[in-house]
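Undergrad: Would you be able to build a 3D model of this:
(2 chains)
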Amino acid sequence: MMTGSRRFSLEQMHRVKDVRLICAVVASIILQFGVMTVQAAPDEADEIKSGNEIAALYLGSVDLVSDRKLQHYVNRVGRHLANQTERAHLPWVFGVLDTDSVNAFCAPGGRVLITRGLYQLLENEDELAGVLGHEIAHVVRQHHWKVIQKQKAAAALISRMQSNMKNASDQFTQMNGLFTDLMTKGLDKGSEFEADRDGVVIAARAGYDSSGLITVLTKLSDRRSEDEKMSLLFQTHPTPDMRIDQLSLAFSPELEAAAVPAGKGAQFMVLDY
Amino acid sequence: MKIIGAFLVIVLNMITVSSAFAEGAVVRSAAQVLDQPSIKGVELGQLSSGQSVAVIERKGIWLKISEPMLGWVKIRHVSLGQAQPVASTLSGLKSGREGAGNAVSSTGVRGLDAEMIKLAEPDYGALESFVALEFPAEEAKKFASSAFELRSLSYMPAPQTNTVDSSNIGDIKERSAQPRDGGHREKRVNKRKKVVEDDDW
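TA: Here you go, the predicted model:
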């Protein structure tokens, strides 16, 4: 009886050890996941906050077009595109800026702006999807946010070294300078080419013509020599021909098969002003 | 009547071609010339690498060429970056393009330029109105379900090419080396390499 009972208790002990081990593994996974979740939320909140600051600077330069129907339409198309990405949960907002300049912008956290000048170059929703897809891709890949984080870390180091830079207003000015630098100098070419590639995939996922962006870039290429409305675009992006070149080389057979106009859902809103 | 109609179409086509601005370009890789901008098009001829072509129209992923023959070629086979004027009458087009990269002016600019952004004060009131434009995600899904045919597609890797500005090659390589979709991206790179070797699309 004694031997049997001891053997039983040894088995029990082994089981208890196994259960403890499993519990420890599960607990560590939960803990890690919990920590990741806790860390991700404030990061994303910061990302959205910095995006709002950048959007406020754009809106401090130019007003939105006062056409609610147009803004509503662009938001419906933009939201449909953003829904096809890995960051559909972001609070995506789209707007048309009232300027003749030809350009489109984005800010971290899902803020996307297109100028009236560019919108008026477009002829259908496939082309609009191409433009918005490119901007959405920048946000999904966190291109601007990564640059901001690096710059912020560098700025924090400098301000720790320089005691006179510690007060809040100086830091605020520093951040605004960082944002405007990014807005006027742009990203590296590699990020722009990547946003082109991802953007056409996002547009095609949403049911649009995968060649919409190439068509828009072709229009930009044709216009590039003639007006100053393009200056900021050319200052911040590789040339349209270079972008067409890189994008067409990357096109997969699946994307080529998707180079057909979108169906009945695409009803482009033409501006009569 | 049919013959006369066909003749008129040919004549009109010739007039269009001769009056259109043509853009010189160089064939990057062997390509088929088709009679229409579609993979269903009939082959009219072949182009070989290094050959000069005159581009008269661009349509999505297709280029219409007039020289050395009239037809449509996939844009990926043609390097537009090496464009040369195809005739002396087109030199204006070329010279205009050459200056384009430096098209930064501080005078007479109507619209949003770098100077305006540098001088901008953030407008938080306008930001509030902007953020209020958000379209509900669920509503967009509902609208899309009846209006669009969604596709399941993976992101594309950077093309393996030596036409990229050398200052950016590092960036692109670095990104390609970091799969963000569990290695699927890398698999696609290998698949893409194979496709490039085959060059059958």
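Undergrad: need the contact list for the closest residue to chain A within chain B.
TA: Per Cβ to the nearest Cβ, residue B:147 is where chain B lies closest to chain A, at 2.5 Å. Just so you know, the C-beta spots here come from the backbone N, C-alpha and C atoms, and that holds for glycine as well. Listed by Cβ atoms under 8 Å, 6 or more residues apart in numbering or on different chains, the contact set of residue B:147 reads A:207, A:263, A:264, A:265, A:266.
Undergrad: quick one, what contacts the third one?
TA: Right, residue A:264. The contact partners of residue A:264, taken as Cβ under 8 Å, 6+ apart, are residue B:147.
Undergrad: which stretches of the stretch 101-250 of chain A form strands?
TA: Per DSSP state E, counting those that start in this stretch, the stretch 101-250 of chain A carries strands over the ranges A:104-107, A:111-115.
Undergrad: in its sheet, what does the first one sit against?
TA: Spelled out, that is strand A:104-107. Applying DSSP bridges, strand A:104-107 is found paired with strand A:111-115 (antiparallel).
Undergrad: From the chain's centroid, how far away is the partner strand?
TA: Centroid separation between strand A:111-115 and its chain, computed with Cα atoms, centre = their mean, to the nearest Å, is 11 Å.
Undergrad: Show the average pLDDT along it.
TA: Average pLDDT, strand A:111-115: 97.
Undergrad: Could you do stretch A:258-273 as well?
TA: The predicted model assigns stretch A:258-273 a mean pLDDT of 87.
Undergrad: quick one, helices of chain B?
TA: B:2-19, B:91-98, B:114-119, B:124-131, B:137-147, B:166-176, B:184-198 (DSSP state H).
Undergrad: and the fourth one, what other elements does it pack with?
TA: Spelled out, it's helix B:124-131. helix A:2-61, strand A:93-97 (3 or more Cβ pairs under 8 Å, 6 or more residues apart in numbering or on different chains; DSSP states H and E).
Undergrad: Pick out the shakiest of these, pLDDT-wise.
TA: helix A:2-61 - the lowest mean pLDDT of these, at a mean of 63.
Undergrad: Settle this for me: residue A:75 is touching residue B:132, isn't it.
TA: No. Contact criterion Cβ atoms under 8 Å: residue A:75 and residue B:132 do not qualify, at 10.4 Å.
Undergrad: Which one's more surrounded, those two?
TA: With neighbours defined as other Cβ atoms under 10 Å in any protein chain shown, residue A:75 and residue B:132 compare such that residue A:75 has more, 22 against 9.
Undergrad: so how far is residue A:94 from that one?
TA: Separation of residue A:75 from residue A:94 (Cβ to Cβ, to the nearest Å): 5 Å.
Undergrad: that older thread, tabulate the strands of the stretch 101-250 of chain A in a markdown table, adding columns for mean neighbour count.
TA: Shown next, in a markdown table, are those (neighbours: other Cβ atoms under 10 Å in any protein chain shown):
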| stretch | mean neighbour count |
| --- | --- |
| strand A:104-107 | 24 |
| strand A:111-115 | 26 |
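Undergrad: Throw those strands into CSV and include distance to residue B:46, thanks.
TA: Putting these into CSV (distance: least, Cβ to Cβ, whole Å) gives the following:
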stretch, distance to residue B:46
strand A:104-107, 39
strand A:111-115, 41
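Undergrad: Looking at those, spot the one closest to residue A:141.
TA: Proximity to residue A:141 (Cβ to Cβ) singles out strand A:104-107 among the strands of the stretch 101-250 of chain A, at 10.6 Å.
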